[in-house]
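Asks: Kindly return the folded structure for what I paste below:
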Amino acid sequence: MEIKILGTGCPNCRTLEKITREVVEKNGIIATITKVEDIMEIMKYGIMSTPALVVDEKVIVKGRVPSSDEIKQLLTK
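Replies: Alright, predicted model coming up:
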C-alpha cells in the first residue's frame, strides 16, 4: 500500500501525517508513507484544500484531519 500525505506543512498537514503513521505502525499495516509538499504535485490530484490523504493514488480524504479510528477503517477495508 502506498500512502501519500498532501500538504504544504501547515499544522493540520503535520497532524494528519502523525496520526497516519501511528495508525499504520499500531495496526501492522504494510505501507510506504510519503509526505508531498510541492504545490504543483498536490495540484495534480485536483484538491483545493489540504491536508489530503491519498492511498494507492486515490484521494480518500481532503480538506480535514480525520480521527485515527476513521483512518484505520479507511486503510483496512
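Asks: residue boundaries of the helices in this protein?
Replies: Per DSSP state H, the chain carries helices over the ranges 11-26, 39-43, 68-76.
Asks: wait, what's in contact with the residue nearest the centre of the chain?
Replies: The centre of the chain sits closest to residue 53, judged by C-alpha atoms, centre = their mean, with a distance of 2.7 Å. Remark: with contacts taken as C-beta atoms under 8 Å, 6 or more residues apart in numbering, residue 53 is in contact with 3-6, 16, 20, 59-62, 66, 71, 74. (Glycine included, C-beta is placed from N, CA and C.)
Asks: Most neighbours of all those residues, which one?
Replies: When neighbours are counted by other C-beta atoms under 10 Å, residue 20 leads the contacts of residue 53 with 28 neighbours.
Asks: show me the contacts for the closest residue to it other than its chain neighbours.
Replies: Leaving aside its sequence neighbours, residue 20 sits nearest to residue 71 (C-beta to C-beta, 6 or more residues apart in numbering; 5.8 Å). Shown in contact with residue 71 (C-beta under 8 Å, 6+ apart): 19-20, 23, 53, 61.
Asks: ok, which pair from the residues you listed is furthest apart?
Replies: Pairwise distances across these peak at 12.4 Å for 23 and 61 (criterion: C-beta to C-beta).
Asks: these two touch, right, residue 60 and residue 51?
Replies: No: here residue 60 lies out of contact with residue 51, judged by C-beta atoms under 8 Å, at a distance of 11.8 Å.
Asks: show me where pLDDT drops low in this protein?
Replies: Under the criterion pLDDT under 70, no range of the chain is flagged.
Asks: and the residue nearest to the centre of the chain, bridged to which residues?
Replies: Note on residue 53: beta-bridge partners residue 5, residue 61, judged by DSSP bridges.
Asks: Residue 39 versus that one, what's the distance?
Replies: 17 Å (C-beta to C-beta, to the nearest Å).
Asks: tell me the contacts of the closest residue to residue 1 other than its chain neighbours?
Replies: The shortest distance from residue 1 to any non-neighbouring residue, by C-beta to C-beta, 6+ apart, is to residue 31 (4.1 Å). Applying C-beta under 8 Å, 6+ apart to residue 31 gives the contacts 1-3, 24, 75.
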